[in-house]
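Peer 1: return atomic coordinates for the entry below.
(one chain, ligands or ions: 1)
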Amino acid sequence: MPHLPPSATPAPTPDAATGLRLAFGGDYNPDQWDRDVWREDVRLMQRAGVNLVSLGIFSWSWIEPDQDRFDFSGLDEVIALLHEGGVAVDLATPSASPPPWFSEEYPEAQFTDHLGRRLGHGSRQGFCPSSPDYRRRTAVVAERLARRYGEHPAVVMWHVGNEIGGYNAHCHCPTSAEAFRRWLRERHGDLDGLNRAWGTAFWSQRYSDWSQVRIPGATPGRLNPAQQLDHYRFASDELLDCYRTERDILRRHAPGRPVTTNFMAGTFKWVDYCAWGPEVDLVTNDHYLVAADPEAHTGLAFTADLSRGIAGGRPWLLMEHSTSAVQWQPRNTAKRPGEMLRNSLAHIARGSDGACFFQWRQSDSGVEKWHSAMVPHGGESTRIWQEVVRLGAVLRRIGEVSGSTVAGEVALLWDYENWWALELGGRPSVDLGYAAEAEAWHREVWRQGVVCDVLPADVSADVLSRYRLILLPSHYLTTPGTVGALTAYVHGGGHLLVGPFSGLVDRDDRLHPGPYPGALRDLLGLTVDEFLPLREGATLTLDNGLTGRVWAEAVLPADPVGAAGTVVDARFSDGPAAGGPALLRRRAGAGLVRYAATRFEDSSLRALLAGALDEAGVGSTAPGAGDGVEAVRRTAEDGRSWLFVLNHTDDAAEVACRGVELLSNTTVTGRLTVAAGEVAVVRESRTSDVG
Ligand code: GAL
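Peer 2: Down below sits the predicted model:
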């Protein structure tokens, strides 16, 4: 059974950090309301069992109405009320939304788009992350807040900004360009290094002076891919610098309080959260269901598993999700009765030590007034409010799971740089997406009732060795570190399944030497002669009955087929690689590598992964789980464990387990029935108890 991967930083668990058991609450924006509503808010929070609110995320113009004129009277009063009411505060710095005076005072700090247009005020995140004025003013307000509330007993945690980079990751102003050049000098040393890394011999792009180097913006033709990759890295680093500036101020004045910022792991492309993980004291994540997807709960599981991977396997915290509809999708469908509870417990099952929402009270004006909240427009009589109260009661009942962890036996490697690199222009097929394919693999493992950890790809061989099976859907950009770790893992007895178009380029998007698949050729024991992408919507068949899509490759096994080396499991029956190998396997050391030379339709992917799981000896978390019945186990250091069972189907489900079901307080002696759409949390009997 795998154990927790070692962490980069000894971050506290939410429980230890905040003193809360499971956190329950949401973004609280009292500055949108009159004073009399504040008391009512605290009363309702108590009624629902809310114990944590994220306060003041967008309150800059409230607490600093004009430059250097601060007014904390409202915030003082709200924090005191919350404290009296027993509600802890996750206090935010307001850097996500500079007020109008800031834009007037510092016009050059406004965000500039890829066409070089400086955008105007009137939304949020309208600033340039590299602006020294932005950094200075956010430092001032963070310092004022931290000095005032750093040791306030109500403030248990700090929240820097909000979804950093969500709207303004890639600013194209002159200040950003200068910062980009500084960053490049550090990375590449001199212009020769830069020219080499970017392959500027192509299309006569050699730079002879740093002043010529620009942020990739609008051009008549395609952009240099290595330049784009560096720009994405720079932008993520630049945002991280903004975060660090504020974090370090908070740490100085609020010792012992964890500092975080809310991620959008798995859904937001432009921040490398794997690199950011060690920079926060507690990983917190926001997740919103894709309303158009009837199985959106599988996407939820993916982002939750990734959040846990970024947190090094430790508990993390769901900072935002919605009680019902959002307001920013084309069709904002409402959650159906019970769905919000299932979503909340699905995050908690996968390691979140709580469930928080955007937002506490539904706004009556502004852009998000049609976004659901814990207190809807209709107040206490609404279905949503009733469900919020029920959720609060459920979280109190299962508080004992706080601090426990989840460990899968199979892991998928995830990498933001691969996401960026694979989806750049100029690839053999626009259908070769990265994130959607990773999610598809994860979803098919989910459907089999198996928990799939999602780990940052720069993981060590030691961490890998704790898994029975590693999945690498399409790992186009491959570093020597990853190859070394995977090789050691396989030789040590692990199973590895690799998808097509993997192993090809280095971090500068330069081909690894020799035949494809470059860096993975030796480990996989094959060469790829040619890539043969399919026409839009086309499929192909394999002689084992599976259906491929998007892609085929002409593969040549490196060893004689059938000998001790590479074995062909299936061949293409039709399509551009007809007759050639489609699925291959090879024993390497004590382990096994498998390669798929196409992508698969869902049911075929399911069959492929079922075979790989079976061969690796990975079974479902509990008999009966799978096919829409989610079962996930959290385990405490002292050996206690809890089985979360979430029934996403329209029929009652039965899962085998023993213990005490905490929501109904009943003993389960072997079979647990969970009604359609319902959830159960079982404190499992230890083997010794059963004995
Ligand atoms: C999040 C954001 C919140 C709110 C929410 C709902 O992305 O952090 O402030 O906008 O979406 O739309």
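
Peer 1: need the single longest helix in the chain, by residues.
Peer 2: The residue-count maximum for a helix in the chain (DSSP state H) belongs to helix 225-253.

Peer 1: mind listing the strands the next helix or strand after that helix pairs with, and their directions?
Peer 2: Going down the chain from helix 225-253, the next helix or strand is strand 259-260, by DSSP states H and E. Strand 259-260 pairs in its sheet with strand 155-159 (parallel), by DSSP bridges.

Peer 1: from the contact counts, what lies against the helix or strand following the partner strand?
Peer 2: Next in sequence after strand 155-159, counting helices and strands by DSSP H and E, comes helix 174-188. Where contact means 3 or more CB pairs under 8 Å, 6 or more residues apart in numbering; DSSP states H and E, helix 174-188 is packed against helix 191-198, helix 225-253. All C-beta spots, glycine's among them, are computed from the backbone N, C-alpha and C.

Peer 1: mind giving me the packing neighbours of the last one?
Peer 2: When you say that, I think you mean helix 225-253. Helix 225-253 sits against helix 132-149, helix 174-188, helix 191-198, strand 259-260, helix 273-276, helix 416-422, with contacts defined as 3+ CB pairs under 8 Å, 6+ apart.

Peer 1: can you list the buried residues in that helix?
Peer 2: Residues 225-240, 242-243, 245-247, 249-251, 253 are the ones in helix 225-253 that count as buried (16 or more other CB atoms under 10 Å).

Peer 1: wait, doesn't Y232 sit right on W420?
Peer 2: Yes - in this structure Y232 lies within contact range of W420 using CB atoms under 8 Å: 4.8 Å.

Peer 1: so which of the helices and strands packed on helix 225-253 gets nearest T666?
Peer 2: Counting by CB to CB, T666 lies closest to strand 259-260 out of the helices and strands packed on helix 225-253; the figure is 37.0 Å.

Peer 1: near the ligand at all, the closest one?
Peer 2: No - for strand 259-260, no contact with the ligand is found by CB under 6 Å from any ligand atom; the gap never falls below 13.2 Å.

Peer 1: what comes into contact with that strand?
Peer 2: 90, 157-160, 247, 250-251, 280-284, 317, 319 (CB atoms under 8 Å, 6 or more residues apart in numbering).

Peer 1: give me every residue that touches the residue nearest to V367 when sequence neighbours are not counted.
Peer 2: Nearest residue to V367 in three dimensions, chain neighbours excluded: Q327, at 7.3 Å (CB to CB, 6 or more residues apart in numbering). Q327 sits next to V367, E368, K369, W370, H371 when contact means CB under 8 Å, 6+ apart.

Peer 1: same list (the residues you listed) but as CSV, adding distance to I398, secondary structure and pLDDT.
Peer 2: Below are the contacts of Q327 laid out as CSV (distance: CB to CB, whole Å; DSSP: H, G, I helix; E, B strand; the rest coil; pLDDT from 0 to 100):
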residue, distance to I398, secondary structure, pLDDT
V367, 35, coil, 96
E368, 30, coil, 97
K369, 33, coil, 98
W370, 32, coil, 97
H371, 27, coil, 98
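
Peer 1: can you say which of those residues are buried?
Peer 2: E368, H371.

Peer 1: what subset of the contacts of Q327 is also close to the ligand?
Peer 2: E368, H371.

Peer 1: residues contacting T382?
Peer 2: P376.

Peer 1: so it versus N343, what's the distance?
Peer 2: 18 Å (CB to CB, to the nearest Å).

Peer 1: need the CA coordinates for stretch 52-67. PDB is fine.
Peer 2: Taking Å, rounded to 0.1, in the frame of the first residue of the first chain, the C-alpha atoms of stretch 52-67 are listed here in PDB:
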ATOM      1  CA  LEU A  52     -14.500  29.800   8.800                       C
ATOM      2  CA  VAL A  53     -15.000  32.700   6.500                       C
ATOM      3  CA  SER A  54     -12.600  34.200   3.900                       C
ATOM      4  CA  LEU A  55     -13.000  37.900   4.600                       C
ATOM      5  CA  GLY A  56     -12.300  41.000   2.600                       C
ATOM      6  CA  ILE A  57     -11.000  39.400  -0.600                       C
ATOM      7  CA  PHE A  58     -12.300  42.300  -2.700                       C
ATOM      8  CA  SER A  59     -12.300  45.000   0.000                       C
ATOM      9  CA  TRP A  60      -9.500  47.200  -1.100                       C
ATOM     10  CA  SER A  61     -11.700  50.300  -1.800                       C
ATOM     11  CA  TRP A  62     -13.500  49.700   1.500                       C
ATOM     12  CA  ILE A  63     -10.400  49.800   3.700                       C
ATOM     13  CA  GLU A  64      -8.300  52.200   1.600                       C
ATOM     14  CA  PRO A  65     -10.900  54.400  -0.100                       C
ATOM     15  CA  ASP A  66      -8.200  56.800  -1.300                       C
ATOM     16  CA  GLN A  67      -4.500  56.400  -1.500                       C
END
